[in-house]
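K.L.:
Sequence first, predicted coordinates after that:
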Amino acid sequence: MLAIRIFLFVMVCASSLVLITNLYALRKAKRLESSGMRVEGECVDHYWPSGGYVGVVCAYSAGDRADLSVRSSRYSVAPVEIGDVVDVIYDPQNPERSMLSFEVGKRVGFDTGLSVVVGTLAVAAVAGILLTL
């Protein structure tokens, strides 16, 4: 019984950590989607994170800053090619905080779905702990 309680406690801690991190990312993406400024950027490079994935680096200008860049998430195939024009959404109060516009919508949907699943796991683990007392 003690092993089950320990496992459930670890599940509560792990799922809570994932949920908090995910809700932060969701809040950031929703804030950018609703109040961010849209500008055109250009894909200037590809990068290869581990696991055989590829991402893109896009440069953009925000106000008087012309040297800003944003990295995409990782994909199995590059979402844009070098030289392609892309829309970038950035936070007007902090122009370094930005996302590629085609990722914002996907990010909001993914984060919402993941929050529901992980939240359900956390509630189920808490219920399991209460039932084993």
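P.N.:
Cool, got the structure.
K.L.:
pLDDT of the helix or strand hosting V117, averaged?
P.N.:
Assignment of secondary structure by DSSP states H and E places V117 within helix 101-131. For helix 101-131, mean pLDDT rounds to 87.
K.L.:
Go through that helix and flag the buried ones.
P.N.:
101, 103-104, 107-108, 110-111, 114-115, 118-119, 121-122, 125-126, 128-129 (16 or more other Cβ atoms under 10 Å). Using the backbone N, CA and C atoms, a C-beta is placed for each residue, glycine as well.
K.L.:
now do stretch 80-100
P.N.:
Per 16+ other Cβ under 10 Å, stretch 80-100 contains these buried residues: V80, V86, V88, I89, Y90, D91, P95, S98, M99, L100.
K.L.:
okay if I get the residues you listed as TSV plus distance to Y60 and secondary structure?
P.N.:
What follows is these, written out as TSV (distance: Cβ to Cβ, whole Å; DSSP: H, G, I helix; E, B strand; the rest coil):
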residue	distance to Y60	secondary structure
V80	13	coil
V86	8	strand
V88	4	strand
I89	10	strand
Y90	7	strand
D91	13	strand
P95	9	strand
S98	7	strand
M99	11	strand
L100	10	strand
